[in-house]
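Participant: Dropping the sequence and predicted coords here.
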Amino acid sequence: MADRPCIALIAHDQKKDEMAAFARQHERALSQFRIVATGTTGGRVLEAAPSLDVTRLKSGPLGGDQQIGAMIATGEVSMLIFFTDPLTPLPHDVDVKALTRLATVYDIPMALNRATAEKLIDFQ
Ligand SMILES: O=C(CO)COP(=O)(O)O
């Protein structure tokens, strides 16, 4: 439904179990949103919380972070929940930086770990 706000969900590989658990736990709150997600994360979210309206974009290393960054720039995405892994080197680190930079530039709520995401979702 086009009238619901759109939230982006992304998790790095070591954080995907946590994202799946988050989606399952907050399925009802997340159902107020349209959701866009990077490819693999979106698959895990849908497995965990099948009722959610999830559009899967490209996988992060293949441009998914950049797709979501563009959606923030055009005003289509109004909140970002991104469980990042600070302990693993990533080939697409520059894309991750660009995405979090745009979320800051456009001043949208952004959670980079579960503790912050729990607070954000509680405010919805
Ligand atoms: O790498 C990612 C974000 O930087 C996530 O991409 P996937 O959800 O496709 O694994």
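Facilitator: Noted; the coordinates are in hand.

Participant: Name all residues that make contact with the residue in the chain that the ligand sits nearest to.
Facilitator: Residue nearest to the ligand within the chain (Cβ to the nearest ligand atom): residue 60, separated by 2.2 Å. In this view, the C-beta of every residue, glycine as well, is placed from N, C-alpha and C. Applying Cβ atoms under 8 Å, 6 or more residues apart in numbering to residue 60 gives the contacts 10, 12, 38-41, 92, 95-96.

Participant: do residue 51 as well
Facilitator: Contacts for residue 51 (Cβ under 8 Å, 6+ apart) come out as 27, 31.

Participant: That one belongs to a strand?
Facilitator: No: when the secondary structure is assigned by DSSP: H, G, I helix; E, B strand; the rest coil, residue 51 falls in coil instead of a strand.

Participant: in this protein, which spans are strands?
Facilitator: Under the criterion DSSP state E, the chain contains strands at 6-11, 34-37, 54-56, 79-83, 110-111.

Participant: now check the longest helix along the chain, is it near the ligand?
Facilitator: When the chain is scanned for its longest helix (criterion: DSSP state H), the result is helix 93-105. Yes: using Cβ under 6 Å from any ligand atom, helix 93-105 reaches the ligand at residue 96.

Participant: For that helix, C-alpha coordinates in PDB please.
Facilitator: Taking Å, rounded to 0.1, in the frame of the first residue of the first chain, the C-alpha atoms of helix 93-105 are listed here in PDB:
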ATOM      1  CA  ASP A  93      32.400  -1.100   2.700                       C
ATOM      2  CA  VAL A  94      32.200   2.100   0.700                       C
ATOM      3  CA  ASP A  95      28.600   1.400  -0.200                       C
ATOM      4  CA  VAL A  96      27.800   0.900   3.500                       C
ATOM      5  CA  LYS A  97      29.400   4.200   4.300                       C
ATOM      6  CA  ALA A  98      27.600   6.000   1.500                       C
ATOM      7  CA  LEU A  99      24.200   4.600   2.700                       C
ATOM      8  CA  THR A 100      24.700   5.700   6.300                       C
ATOM      9  CA  ARG A 101      26.000   9.000   5.100                       C
ATOM     10  CA  LEU A 102      22.800   9.600   3.100                       C
ATOM     11  CA  ALA A 103      20.600   8.600   6.100                       C
ATOM     12  CA  THR A 104      22.400  11.300   8.000                       C
ATOM     13  CA  VAL A 105      22.200  13.900   5.200                       C
END
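
Participant: Alright, calling it a day.
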